[in-house]
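Undergrad: The sequence isn't on hand, but the structure is:
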C-alpha cells in the first residue's frame, strides 16, 4: 500500500519537474527517491537542475509517504494467533471450533477500553515470525493470545509454530523486544517448566498463562474464550477469570480436559482492564 | 507550480485518509474487524428489579465474611446468566472478589477470588471436610431444585502465591438424570476451610419434553463410539466411563434462550493417541434415543 502511494507520488511530481528544465544525472545526488523512481522505469532522467527547492519539497513529501503513513497506520496493540487451527487441516470441525472461540477471544480483547486494535494471524509460519508479530505491535502494552501445539525439550517448555519450529525461552530472550502486559500461551506444556514464561515476564509481560501438562484442544479453546470473556471487565484479576473459565469448561464439556493444569507466571492480581489505568 | 500544489494537497489527503480507511476496513489479518461496544448496560434503560445497592447488599450477605471497601463494575448482559450485576469488590481482607448477582432475583450466581492466596496455614481440611463445608454453604443459598453430589477434587495451586483448592461439584437433577451443564461448584480453601468460590448454573427448564428412558442402552452407545473412532481414526478405544446425562446442544444458552436438550450417553475413552500425549480421556456424546453421534472432544 505504501509502496503504491510512493509510486503515485513520483508519478505525479515527476512530470511537473520535467517541465522545469534540463535533466542532468549528477543532480540526482541527494535525491534518492528520484533514483528509485527512475530505477522502476517510471520517468527516466528528468532531474530539474534549476529548482532545488522543489526537489527538496518533493523528497520530503515522499519520505512522509513512506515513513509517516506506516507509523499512523500501525495501531494494533494486541494480537491473537490461531496457529492451532492451522495445524490439523483435515479436521474442519476442530478448525471451525477453534476459530469460533478465537473470534470470541478477539472480540473480548478488543472490548477492553485501552485496546486500540487486535491483529489477527491465522498462523505464524515460524517461531521467529510469531515474535516478529509481537514486536510489530504499535505500543509496548500488549495482550497476546496464542493457540498452538507445545511441548518440552529436556527441562524447557516451548511453543510450536507452522513449520514445526520451537519457540524456546532463549528465542524469546534473543528476539523479543521489550514489550508486554499479558500473554495467554494456549498450548500443551507451555508452563510445564517456568523458563518460557519467565522470559516473557523478563521482557516486560506482567503475567503469562500456560499449562503445566497436556491440554485438549477444544477445552483449551473454550477456556481461552471464557477467560477473556470475563477478564475484559473492569478490575477482574486474571486469577479469578481463570478459575471462572475452568469451571465454565467443566460445565460445558463435563470435564476439564487438562485446563485444570493452567499455570500463571507473574502477577496473579493483574487486571486486563484496571480502572486505575 | 500548480501541479505541485495539487500534489501536496493530494498527499496530505492520502496521509489523513489512509489510516482512517484502514481503521474501518473489515479485513481479518492484521487489522481489527469490530467496533467497541459498551461493556456495561445503563441500569436506567433496563427493566431490572434489583438495584445496584440491592445487588451489593446481596453480595455482602451471601459471600461469607466480607467487608466491601471498593466496588467497580455494573449491569451486564451475560451469555449464560442473562442480565446480572457483575462487580469487582475489594474487601477488608485484601481480596479482590469477582461476583455476579442475578438482576431479576438478587440471587448469587457466582463469586471468585475470596481467600485465594497462600497462607501457609494447615487447617487439616480433608476432602470429606471440604464436602461438608460446601454442603453447608449451599444450604444457605436458595437453590430451588434437586442436587446430587458428584465429587471432590483437590487442585494444586495455579501460581506461586495462590492457594490450592478443593473443588466440590453437585449435579442438577431433572427427572432423576444429571444435567451436564447445570449444577453447583463450590471451591474450598484447603488451608483454611473458607469457601473460596461458588458457581451456580441453572439454565435448563424444569420440565424437559424428552423421554428420560433411553432407547439405546449403554453397551450399544459404547459400540457406536468404538465404531466411529475405528472408522474415522483407525483407533481402538478403551472405555473409561459411561453416564446418562441431559445435554443442551445450544449450551451456552441462558435460561430464557431456546434449548435443544437431548438425553445422551456421555462416554469417556482413551486410546494410544491420547495415551501417547499423556492426555485425559476423550469424550463422545451419543443421543440415547436415536443413537446419533452428537459431539466429541478428542484432539490434543
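TA: Done, it's in. Because the structure is a prediction, the values reported are computed rather than measured. Numbers count the residues shown, from 1 in each chain, chains lettered A, B, ... in the order given.

Undergrad: tell me the strands in the chain, going along the chain?
TA: No chain was given, so I picked chain A. With DSSP state E, the ranges of strands along chain A come out as A:78-81, A:118-121, A:142-147, A:149-153, A:156-160, A:166-167, A:181-186, A:207-211, A:262-266.

Undergrad: try chain B instead
TA: Using DSSP E, strands in chain B cover B:68-78, B:82-91, B:96-102, B:108-112, B:146-155, B:165-174, B:177-188, B:195-201, B:238-248, B:261-270, B:282-287, B:293-297.

Undergrad: In a markdown table, list these along with mean pLDDT and mean neighbour count.
TA: (C-beta placed from N, C-alpha, C; glycine too.) Formatted as a markdown table, the strands of chain B follow (pLDDT from 0 to 100; neighbours: other C-beta atoms under 10 Å in any protein chain shown):
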| stretch | mean pLDDT | mean neighbour count |
| --- | --- | --- |
| strand B:68-78 | 94 | 18 |
| strand B:82-91 | 95 | 22 |
| strand B:96-102 | 96 | 26 |
| strand B:108-112 | 97 | 24 |
| strand B:146-155 | 96 | 15 |
| strand B:165-174 | 97 | 22 |
| strand B:177-188 | 97 | 24 |
| strand B:195-201 | 97 | 25 |
| strand B:238-248 | 96 | 17 |
| strand B:261-270 | 97 | 22 |
| strand B:282-287 | 96 | 24 |
| strand B:293-297 | 93 | 18 |
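
Undergrad: now those strands in CSV, with distance to residue A:225?
TA: As requested, these are exported to CSV (distance: least, C-beta to C-beta, whole Å):
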stretch, distance to residue A:225
strand B:68-78, 14
strand B:82-91, 17
strand B:96-102, 17
strand B:108-112, 17
strand B:146-155, 21
strand B:165-174, 21
strand B:177-188, 15
strand B:195-201, 16
strand B:238-248, 18
strand B:261-270, 22
strand B:282-287, 18
strand B:293-297, 15
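
Undergrad: out of the strands of chain A, nearest to chain B?
TA: When these are compared by C-beta to the nearest C-beta, strand A:262-266 sits nearest chain B, at 4.1 Å.

Undergrad: Neighbouring strands of that closest one in the sheet, and parallel or not?
TA: Here strand A:262-266 has these sheet partners by DSSP bridges: strand A:207-211 (antiparallel).

Undergrad: for the record, mean pLDDT for the partner strand?
TA: Mean pLDDT, computed over strand A:207-211, is 98.

Undergrad: next one: that strand to chain centre, how far?
TA: Taking C-alpha atoms, centre = their mean, to the nearest Å, one finds strand A:207-211 lying 17 Å from the centre of the chain it belongs to.

Undergrad: Quick check: buried residues in it?
TA: Buried positions in strand A:207-211, judged by neighbour count with 16 or more other C-beta atoms under 10 Å in any protein chain shown: A:207, A:208, A:209, A:210, A:211.

Undergrad: what's the answer for stretch A:138-158, then?
TA: Residues of stretch A:138-158 classed as buried under the neighbour-count rule (16+ other C-beta under 10 Å) are A:138, A:141-151, A:156-158.

Undergrad: try stretch B:53-64
TA: Judged by neighbour count using 16+ other C-beta under 10 Å, the buried positions of stretch B:53-64 are B:55, B:56, B:58, B:59, B:62, B:63.

Undergrad: right, and the second one touches residue B:70 too?
TA: Okay, so that is residue B:56. No - Residue B:56 sits out of contact with residue B:70 when judged by C-beta atoms under 8 Å, with a separation of 11.3 Å.

Undergrad: Spatially, what comes nearest to residue A:195 if we skip its sequence neighbours?
TA: Spatial nearest neighbour of residue A:195, chain neighbours left out: residue A:169 (4.0 Å); criterion: C-beta to C-beta, 6 or more residues apart in numbering or on different chains.

Undergrad: Count the residues that sit near that neighbour.
TA: Counted with other C-beta atoms under 10 Å in any protein chain shown, residues neighbouring residue A:169 total 19.

Undergrad: Quick check, pLDDT for residue B:280.
TA: 91.

Undergrad: my guess is it contacts residue A:259, does it?
TA: No - in this structure, residue B:280 is not within contact of residue A:259 by C-beta under 8 Å, at 9.6 Å.

Undergrad: So if I had to pick from these two, which one is more boxed in?
TA: Legend: neighbour count by other C-beta under 10 Å for residue B:280 and residue A:259, higher for residue A:259 (28 against 24).

Undergrad: Give me the distance between the spatially closest residue to that one that is not a sequence neighbour and residue A:209.
TA: Nearest residue to residue A:259, sequence neighbours excluded (C-beta to C-beta, 6+ apart): residue A:223, at 4.4 Å. Using C-beta to C-beta, to the nearest Å, we find residue A:223 at a distance of 10 Å from residue A:209.

Undergrad: tell me the contacts of the closest residue to residue B:51 other than its chain neighbours?
TA: Distance criterion C-beta to C-beta, 6+ apart; nearest residue to residue B:51, sequence neighbours excluded, is residue B:43 at 7.5 Å. Applying C-beta atoms under 8 Å, 6 or more residues apart in numbering or on different chains, we find residue B:43 in contact with B:51, B:52, B:74, B:75.

Undergrad: Model confidence score at residue B:43, please.
TA: 87.

Undergrad: who in the stretch 201-300 of chain B is up against chain A?
TA: Where the stretch 201-300 of chain B comes near chain A, counting by C-beta under 8 Å from any C-beta of the partner chain, the residues are B:201, B:245, B:251-252, B:266, B:268, B:277-283, B:297-300.

Undergrad: Please repeat the previous calculation with a cut-off of 7 Å.
TA: Selection of the stretch 201-300 of chain B residues close to chain A by C-beta under 7 Å from any C-beta of the partner chain yields B:201, B:251, B:252, B:266, B:277, B:278, B:279, B:280, B:283, B:297, B:299, B:300.

Undergrad: isn't the fifth one right up against residue B:300?
TA: Just to be clear, that refers to residue B:277. Yes - here residue B:277 reaches residue B:300: they are 4.2 Å apart, a contact under C-beta atoms under 7 Å.

Undergrad: any shared contact partners between these two?
TA: Shared contacts of residue B:277 and residue B:300, defined by C-beta atoms under 7 Å, 6 or more residues apart in numbering or on different chains, comprise residue A:214.

Undergrad: who has more neighbours, the two?
TA: Using other C-beta under 10 Å as the criterion, residue B:277 and residue B:300 rank with residue B:300 on top: 21 against 16.

Undergrad: Give me the pLDDT value at the more buried one.
TA: So residue B:300 comes in at 91 (pLDDT).

Undergrad: go on, residue A:9?
TA: Residue-level confidence at residue A:9 comes out at 45, pLDDT.
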